[in-house]
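**Q** 3D model of this:
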Amino acid sequence: MSKALASKKGLPSKEAGLFRELLNLYETRLLKKGLKTADQILKKFPEHGETICMKGLVLVHLGRREEGIDLVKKGVRLDLTSHIVWHVFGLIQKGEKNYEEALKSYGQALRFDKPAQENVNILRDSANLQTHLRIFDALVETRYTLLRLRPNLRQHWIALSVAHYLNGNLKEAKKVLENYESTLKNVPAHDVEHSETLLFYIRILEELGDYTEALTVLNTNSKSRAIVDQTAISETRARLLSKLESPEAEEAWHTLLERNPDCYTYYTGYLSSKGLPDLSAPNPSALSVVTSLSTEFPRAAAPKRLALTLSSGEEFKALAEPYITTGLSKGIPSLFSDLKSLYRDAEKRDVIEEIAERLKLKYAEETSSPSSPEEPTTYLWTLYLLAQHHSFLGRHAKALSILDEALEHTPTLPELHTFKGRVLKRAGDYYGAAKSVNEARLLDGQDRFLNTKTGKYLLRAGMVQEAGEVFGLFTKKDAESPGADLQDMQSMLYLLEEAKAQEKNGKPNLAVKKYIAVKKIFDEVEEDQYDFHGYNLRKFTLNAYIDLVNWEDRLRSQPAYVTAALSASRIFVAAHDDPELVKSLSASPGLTASAKKAAKKKAAKKAAAAKAIEDMKKPNQQQNSNEDKGLEPPPPKDEDPDGLKLLASPDVLDQAAKLLQPLASLAAQNIDVWLTTYDVAIRRGKLLQAVGALDKAKKLDGEHPEVHVRVVDLKFRASKLPEDKAPSEPVKSLFEEALSKLCPPTEVSLETFNSQFLQKRSSEPEAVIAAAKVLKNLEAPVVEVENVLFGLVAPESGLSVKNALTAVQLLQDIKSTRLEEFRAACDARFELSTAFKPEAELVAIREKVVKKRSSADSAEASAEAAPTIAA
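**A** Predicted structure coming up:
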C-alpha cells in the first residue's frame, strides 16, 4: 500500500505522522511495531476508521484473522468515504478469494480517492482482478487510465495492448503497439523485452490476416537482431510463408527440419508446402518425399515412422520389418505404443503380426546358437511385443502364454511383470494383476514408478488400505497419512483411482470426497493464475501469457476434471434418489473386540504423531511472533472426513449442477456430459434444460443405449408429473414440443417401445443392459429384468467383463435371487477373471495378494538396511 494513501482527515499533525509511519511499517512488514503505532493513534482517536482498518489488516497478517476482519468492517462503517478503508477491505476480500467483492471495494476506493495521480496501486490491483474475472471491457478502461497517469512506463503501453487483445479488439491492440513503437528511442541491442513485444505484434498481425506485413516486420527485425529468439523467428517465418502460399515456404520448413528432424509438426508443414496436407492415410506422393527425407536424415526416427502411415501393401511390409527389427534390437519398450495407431488398418495389423511371429522364430534359433551375433535380449523384446499385440486384440490367454515364456527366459525384467498385470486386468483378474505388478516392484524397491503402479493396481482391486501402505513407502513420514500427503501434492491419479476403489467397495461417501478434492485442485490452479496477470506484464513474456490465459479458459476440459465431475454428479443423483443411502452408510457394522482394539491403538498412535509435530512447531512460532501469515485464510479443518454430511445435504443436485456447468461448453462433444446433465436437470425440475441436454445427446449419438434409457425416463416422468408441478406457459408449450420430438408417439406404450428396442439390438450387450434398466425404471416385475439380463450369457452374445460387472450391479440393485446364478455363468465364461468368484474364494485370493506383499516388504526392508553398491 502506497504511503501516499495516508489520509490526514480528522487527525492532528502528530497523529497524521504516526499514521504515515503505520503505513510504512505495514509496507516493510514490521507488523508488531505497526500494531503498537496503531494503538497509539487509537488511544486518542478510538473512532478513526482508517487507523482501525489498518490495525485490522495488521492483525490479519499476524494470524489473528477473525479479530482483524471485524476491525476492518468496523473501520469501513466509521468512514465510508475514505479510499483507504475501501482499499483495505478489498485486500481482505481478495485474500479470501472473493474477487468480485474485492473489485467492488476497489471501485469504491477509486471513487473516493481525490488526487488522481495517487491511485496507481488501486488501479493496478483492479486491472489484475478484471483480467482474472475476464471483465475485459472494464480492463481496457483501467489500463487506459493507468497509461494516461504514467505514460512514461512502457509496461502500461503493453498492458493496454494486451487488454485490447483479450477483449477481441485486435486492431486497437495493433494501434497501441504502433504508437508505443513510435515513442521508443535508443533501444539496447539484444533487448529480450523488446523482442517479446515485437513477436506479440507479429502475432496480432497474423491473427488479423495481414500475413505480408507480419512477414515484413519479422524479416526486418530478425536482420537487425531486434528479435533474439531464433527458433521463434524460423517457425513464424515458415508458418507465414505457408499461409501466403509462397514458394519459399518449402525451404523455410526444410531449414527447421535440419534443426530438428524428429519434429512431426515440421514434417506436416513441409509436406503441406508441397501440396500434401493429409498425412493420416496412405499417399504415394507424400511417401516418396518422406523416404527422401529419411535418407537425408538417417538418424531421425520420425520420417521412418511417418513412412509407415503413408505406405500400404508390399511397400508397408518392406518398410515395417526394418523399423520393427531396429526397435527390437535396441530394446525399445514403447515400440508397440508407437505402432498401435497403425492397427486401425486391419491389413497393416496382420502384417505386423506376421513380421513379429517370423522374427520370434528367427531370434529363437539364433539365441540358441552360441556363435550368434544377436543379443539374447532381442528375442526377449520380440516376445514382449507379441504379448502386447495379442492382448490389444483381446487374445489374453495367448498373451499370458507368451509372457510366461518371456519370464522363463528373463524373470528379472520389470516390464514383463507390469504388462502381465495389465493383461490380467483386461481379463478381469484384478487381484492377479495387483500381485503381478507388485512382483515387478519388488525387483527394484527404490523405483517410484513401479511403486505408483503397484498402488494403482491395488486400488483397482479394491485394496485401499494395502495401496496406502505401498504409497507410504515414498510419501512424507511426518504426514497425517500417505493419502493426505498425496492429496497435498495434488496427485490426481491417486485421488481418482482411490475414488473408483471406494465406489467399487460400496462407499460412495468416501468416493465423492476424493472427487471433490480433484475439483478443488482445479479451483486452486485457476486461482494460481492471479499472480501471473502482473508478473508476465512486468517480465514482458507476452506470448506465453496469452497462451496461459487461453489454457486457463479451457482448464476444466481436462480428462481428470471431466471424470471427477461426472462421477461425483452420478453419486449425488443416487443420493437424491435413495434417501436411505446415507443412513445405510452411517450405520457402521459392529466391530469385533480385536478390531476395536486395533482401531483404538491406531487412533492413539495417529494422535501422538500429530501432537509431536505440533510440539516441534511451537518453538518456531514463538520465535517468529512477527511472522507475516499473509492475507489468505488457513485451510479449514475438515468437519466431514467421511463425506456423509456432503451426501446428506439437501442441495446435492445443486452441487452436481455446479460441477457440470463448465462442461457444457468445454466438453460439449462428450455424450456422458449431456446424459448426466439430463439426470440432474430432470430431478431439479428444470424441464427445458433436461430436454435440451437430451436433445444434444441424441444429436451426438442417437443410437447410444443410454440415450434410449433417458428418452423412456423423460416420457415416463412427464406422464407422472403432478398438476401442481406442471410447467406454465410459455415453458409448457416448449416442453411439449420437445417431448413430441424426442419421445415415441403417444399410441406406442413405453413397454412396447422398449421391447422393440431390445429385439432390434439383442446382440449388443450395452443395449440389453439399457433395456433392463428401462424395465427397472418402469417398475416391471423382477423376473422380467432377470430374463433380459440372462440373455447376456448366451454363447452368441459379445459380453465383456465390464458389461458383465454392470449387469451384476443391476441385479444387486433389484435384489435378484438369481444373482449367484448369473455370477456363476459369468465365471464359467471368463475363465481368466476372478471378478465373479464367490465371496469366500475372493477372500482367499485377496489374502494371498496381501500375504505375498507383506512378506516381500519385510525382505525389502531388510535389503534397505544393508549397504548398497552403486552400479
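
**Q** for the stretch 351-500 of the chain, what spans make up the helices?
**A** 376-392, 396-409, 414-427, 430-443, 448-460, 464-471, 482-488, 492-504 (DSSP state H, counting those that start in this stretch).

**Q** err, the stretch 151-300 of the chain, not the other one
**A** Under DSSP H, counting those that start in this stretch, the stretch 151-300 of the chain gives helices at 154-166, 170-183, 192-208, 211-223, 230-243, 249-259, 264-273, 284-296.

**Q** can you check the stretch 1-150 of the chain too?
**A** Under DSSP H, counting those that start in this stretch, the stretch 1-150 of the chain gives helices at 13-27, 31-44, 49-61, 65-78, 83-95, 99-112, 120-132, 136-149.

**Q** And the contacts of the last one?
**A** In this structure, residues lying in contact with helix 136-149 by Cβ atoms under 8 Å, 6 or more residues apart in numbering are 116-117, 120, 123-124, 126-127, 130-131, 156-157, 159-160, 162-164, 166-169. The way it works is simple: take the backbone N, C-alpha and C, and place the C-beta from them, glycine included.

**Q** go again using 6 Å as the cut-off
**A** Outside helix 136-149, the residues within contact range by Cβ atoms under 6 Å, 6 or more residues apart in numbering are 117, 123, 126-127, 130-131, 156, 159-160, 163, 166-167.

**Q** and which of these is nearest residue 301?
**A** Nearest to residue 301 among these is residue 166, at 39.9 Å by Cβ to Cβ.

**Q** quick one: low-confidence ranges for the stretch 151-300 of the chain?
**A** For the stretch 151-300 of the chain, no stretch has pLDDT under 70.

**Q** what's the weakest-modelled helix or strand in the chain?
**A** helix 593-623 (a mean of 55; mean pLDDT, DSSP states H and E).

**Q** Can you pull out the residues in contact with whichever helix or strand comes after that helix?
**A** Next helix or strand after helix 593-623 toward the C-terminus (DSSP states H and E): helix 644-648. Under the criterion Cβ under 6 Å, 6+ apart, residues 509, 575, 582, 586, 640 lie in contact with helix 644-648.

**Q** and those, which two are the farthest apart?
**A** Taking Cβ to Cβ, no two of the contacts of helix 644-648 sit farther apart than 575 and 640, at 13.8 Å.

**Q** Between the two, tell me which one has more neighbours.
**A** residue 575 (23 against 13; other Cβ atoms under 10 Å).

**Q** Next, that one: phi, psi?
**A** Main-chain dihedrals, residue 575, degrees, to the nearest 10: phi -70, psi -40.

**Q** confidence score at it?
**A** With respect to pLDDT, residue 575 scores 93.

**Q** so it touches residue 653, yeah?
**A** No: applying Cβ atoms under 6 Å as the test, residue 575 and residue 653 come out as separate, 9.2 Å apart.

**Q** which of the helices of the stretch 351-500 of the chain is buried the deepest?
**A** Greatest average neighbour count among those goes to helix 430-443 (a mean of 24), per mean count of other Cβ atoms under 10 Å.

**Q** Give me the mean pLDDT for that one.
**A** 94.

**Q** ok, for residue 383, nearest residue in space, not its chain neighbours?
**A** residue 406 (4.0 Å; Cβ to Cβ, 6 or more residues apart in numbering).

**Q** if we look at stretch 252-267, which residues are touching it?
**A** Counting by Cβ under 6 Å, 6+ apart, 234, 237-238, 241, 269-270, 273, 297, 300, 302, 306 sit against stretch 252-267.

**Q** hmm, try it at 7 Å
**A** 234-235, 237-238, 241, 269-270, 273, 293, 297, 300-303, 306 (Cβ atoms under 7 Å, 6 or more residues apart in numbering).

**Q** do stretch 752-763 as well
**A** Residues contacting stretch 752-763 (Cβ under 7 Å, 6+ apart): 708, 712, 744, 767-768, 771, 774-775, 788, 791, 796-798.

**Q** where does the stretch 751-871 of the chain dip in pLDDT?
**A** Those would be 850-871, if you go by pLDDT under 70 across the stretch 751-871 of the chain.

**Q** go with 90
**A** 762-763, 793-798, 838-871 (pLDDT under 90).

**Q** and the closest residue to residue 88 other than its chain neighbours, how many neighbours does it have?
**A** Computed as Cβ to Cβ, 6+ apart, the closest residue to residue 88 that is not its neighbour in sequence is residue 53, at 4.3 Å. When neighbours are defined as other Cβ under 10 Å, residue 53 has 29 of them.

**Q** so residue 53 sits right up against residue 72, yeah?
**A** Yes: under the criterion of Cβ atoms under 7 Å, residue 53 makes contact with residue 72 at 5.1 Å.

**Q** list residues touching both of these two?
**A** residue 88.

**Q** if I look at the residue nearest the centre of the chain, how far off is residue 568?
**A** Nearest residue to the geometric centre of the chain (Cα atoms, centre = their mean): residue 560, 3.6 Å. Per Cβ to Cβ, to the nearest Å, residue 560 is found 12 Å from residue 568.

**Q** Identify the residue spatially nearest to residue 521, adjacent ones excluded.
**A** residue 490 (4.8 Å).

**Q** my guess is the one you found contacts residue 519, does it?
**A** No: applying Cβ under 7 Å, one finds residue 490 not in contact with residue 519, separated by 11.9 Å.

**Q** More neighbours: these two, which one.
**A** residue 519 (19 against 15).

**Q** And the more buried one, which helix or strand is it part of?
**A** helix 508-528.

**Q** That helix vs helix 464-471, what angle?
**A** 40 degrees (axes from the mean of the first three to the mean of the last three Cα atoms, to 10 degrees).

**Q** So which elements touch helix 508-528?
**A** helix 492-504, helix 559-577, helix 644-648 (3 or more Cβ pairs under 7 Å, 6 or more residues apart in numbering; DSSP states H and E).

**Q** try 8 Å this time
**A** helix 492-504, helix 559-577, helix 580-586, helix 644-648 (3 or more Cβ pairs under 8 Å, 6 or more residues apart in numbering; DSSP states H and E).

**Q** Give the next helix or strand downstream of the last one.
**A** Right, the one you point to is helix 644-648. helix 652-660.

**Q** Show me what counts as buried in that next one.
**A** Within helix 652-660, the residues that count as buried by 16 or more other Cβ atoms under 10 Å are 652-653, 655-657, 659-660.

**Q** How about stretch 504-524?
**A** 504, 507-519, 521-522.

**Q** Now flag whichever of the residues you listed is closest to residue 434.
**A** residue 504 (13.3 Å).

**Q** hang on, that closest one packs against residue 463?
**A** No: with contact defined as Cβ atoms under 8 Å, residue 504 does not count as touching residue 463 (10.5 Å).

**Q** Spatially, and excluding backbone neighbours, which residue is closest to residue 49.
**A** residue 79 (2.9 Å).

**Q** Next, the contact list for that neighbour, please.
**A** Counting by Cβ under 8 Å, 6+ apart, residue 79 has contacts 48-50, 85.

**Q** how about those residues in TSV, adding neighbour count and pLDDT?
**A** Shown next, in TSV, are the contacts of residue 79 (neighbours: other Cβ atoms under 10 Å; pLDDT from 0 to 100):
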residue	neighbour count	pLDDT
48	24	92
49	24	92
50	29	92
85	30	93
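
**Q** Save those as JSON lines, and put in distance to residue 635 too.
**A** JSON lines is the format used below for the contacts of residue 79 (distance: Cβ to Cβ, whole Å):
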{"residue": "48", "distance to residue 635": "34"}
{"residue": "49", "distance to residue 635": "31"}
{"residue": "50", "distance to residue 635": "31"}
{"residue": "85", "distance to residue 635": "28"}
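
**Q** Pick the one among those residues closest to residue 414.
**A** Out of the contacts of residue 79, the member with the shortest distance to residue 414 (by Cβ to Cβ) is residue 85, at 63.6 Å.

**Q** ok, that closest one to residue 126 distance?
**A** Residue 85 is 16 Å from residue 126, by Cβ to Cβ.

**Q** Grab the two from the contacts of stretch 752-763 that are most spread out in space.
**A** 744 and 796, at 28.0 Å, using Cβ to Cβ across the contacts of stretch 752-763.
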